[in-house]
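> Structural data only, the sequence is not supplied:
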């Protein structure tokens, strides 16, 4: 029911997803009258009388709309009736309801939003957090790294994905005090075999694909996400404008079109739609609110792959292994002891 378009977009996406995934079953949660026209042998309508609007305050979703489609959907996961919930609705409300109903995994203070951003290698760099946590401690950043490693391992079949810490430079001594302490923790975690830490990375490394995962606070991560989306829109607008100019400009645009179109497709955020809410005792995925049917189907596919590849258990296992560092129970090695330490393989 959520997002900018609601069932007009989500229902066609659900049908395409079911047609392409013969082992999947969908519970479509929403107002019955809005979903009445949808019929599929592997889809079940679950009624909900209310809808969380995109501009609803978090308090409204938590305290007043207790039979919203968003809340009922997450409740299906809590009760074991579904393995994963997917929503294109209000991000703040989704995070608040998911945290309230599902609770966080032991060893995790705050859930994080993880999203793949397209990179120059033809794949994607998973960045977290993307807006759930504006102010983070070094332990939060380590938790994000551990959870992100589990996510990439599950969805991309990479046993030891590389992790980069977003900073203003690659050097160990650069960055804020929180970033410096986070670097120490991440190097210690690498020595303990908890993750494969590459080192500090800069903003352009996200789009170069220098590492599989980039860890940052939610403020910086959200800016990076919006920049990526804006780039795709800019290229699309450029192509449209150039084709409307004089004949010589049109000829140049036609000559460059295959390259620009391929680049536009590579940075098209719709292909990577579906952000994981990590750190919860259940799987929840967030689709972009403006997603069209193609993009929402991608979010369903990512959620399906996460459930099929036991993402929740992988997160729990990695957290359990790294727990001493995650909660600050173990001493942290100094820069002089860890600066030359290789990443765990």
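All right, it came through fine. Predicted model, so just to flag it, every value in this text is computed and none were measured.
> Look at residue 262 and report its pLDDT.
Per-residue confidence (pLDDT) for residue 262: 63.
> meant to ask about residue 328, not that
The score at residue 328 is 60. That number is its pLDDT.
> try residue 113
In this prediction residue 113 is given a pLDDT of 95.
> same deal with residue 238?
On the pLDDT scale, residue 238 gets 60.
> what about residue 222, how many residues close to it?
The local packing count at residue 222 equals 20, with neighbours defined by other CB atoms under 10 Å. Placement of C-beta: from N, CA and C, glycine included.
> so it sits right up against residue 128, yeah?
No: contact criterion CB atoms under 8 Å: residue 222 and residue 128 do not qualify, at 10.9 Å.
> do you know how far the nearest residue to residue 88 once chain neighbours are set aside is from residue 57?
Setting aside the residues directly before and after it, residue 88 is nearest to residue 3 in space (CB to CB, 6 or more residues apart in numbering), at 3.1 Å. Distance of residue 3 to residue 57, computed by CB to CB, to the nearest Å: 18 Å.
> With neighbour numbers in mind, choose between these two.
When neighbours are counted by other CB under 10 Å, residue 3 comes out ahead of the other of residue 3 and residue 57, with 22 against 15.
> okay but the more buried one is in contact with residue 30, surely?
No: counting by CB under 8 Å, residue 3 does not reach residue 30; the two are 11.7 Å apart.
> thought residue 58 was touching residue 94?
No: counting by CB under 8 Å, no contact exists between residue 58 and residue 94, whose distance comes to 9.7 Å.
> what ranges do the strands span in the stretch 151-300 of the chain?
If you assign secondary structure with DSSP state E, counting those that start in this stretch, the strands in the stretch 151-300 of the chain sit at 162-166, 196-201, 213-215, 275-278, 283-286.
> So which bits of stretch 111-121 are buried?
When burial is assessed from 16 or more other CB atoms under 10 Å, stretch 111-121 yields the following buried residues: 111-119.
> ok, back up a step: counting neighbours, go ahead and name the busier of residue 58 and residue 94.
Set side by side, residue 58 and residue 94 show unequal neighbour counts under other CB under 10 Å, the larger going to residue 94 at 29 against 16.
> measure that one to residue 61 for me?
With distances taken as CB to CB, residue 94 is found 8 Å from residue 61.
> Mind listing what's buried along stretch 134-146?
136-146.
> Tabulate the residues you listed (JSON lines), appending distance to residue 213.
Supplementary listing: the buried residues of stretch 134-146 in JSON lines, determined by distance: CB to CB, whole Å:
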{"residue": "136", "distance to residue 213": "15"}
{"residue": "137", "distance to residue 213": "19"}
{"residue": "138", "distance to residue 213": "17"}
{"residue": "139", "distance to residue 213": "17"}
{"residue": "140", "distance to residue 213": "15"}
{"residue": "141", "distance to residue 213": "12"}
{"residue": "142", "distance to residue 213": "12"}
{"residue": "143", "distance to residue 213": "13"}
{"residue": "144", "distance to residue 213": "9"}
{"residue": "145", "distance to residue 213": "7"}
{"residue": "146", "distance to residue 213": "10"}
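> Pull the contacting residues for residue 284.
Residues touching residue 284, when contacts are defined by CB atoms under 8 Å, 6 or more residues apart in numbering, comprise 74, 77, 84-87, 94, 98, 102, 276-277.
> So which of those are in strands?
Under the assignment DSSP state E, these contribute 84-87, 276-277 to strands.
> so where do the helices sit in the stretch 151-300 of the chain?
The residue ranges that make up the helices of the stretch 151-300 of the chain, judged by DSSP state H, counting those that start in this stretch, are 177-191, 203-208, 218-242, 247-266, 293-308.
> Worst mean pLDDT among those helices?
Taking the mean pLDDT of the helices of the stretch 151-300 of the chain, helix 247-266 comes last: a mean of 65.
> residue contacts, the spatially closest residue to residue 181 that is not a sequence neighbour?
Closest residue to residue 181 apart from its sequence neighbours, by CB to CB, 6+ apart: residue 138 at 3.9 Å. Taking CB under 8 Å, 6+ apart as the criterion, residue 138 is in contact with 178-179, 181-182, 184-185.
> Wait, residue 61 touches residue 70, no?
Yes: taking contacts as CB under 8 Å, residue 61 lies within contact range of residue 70: 6.8 Å.
> Name the residues contacting each of those two.
Any residue near both residue 61 and residue 70 by CB under 8 Å, 6+ apart counts here, and that gives 52, 90, 93, 97.
> how close does the nearest residue to the third one once chain neighbours are set aside sit to residue 55?
Spatially, and ignoring its direct neighbours in sequence, residue 93 is nearest to residue 61 (3.6 Å; CB to CB, 6+ apart). Computed as CB to CB, the residue 61 to residue 55 distance reads 11 Å.
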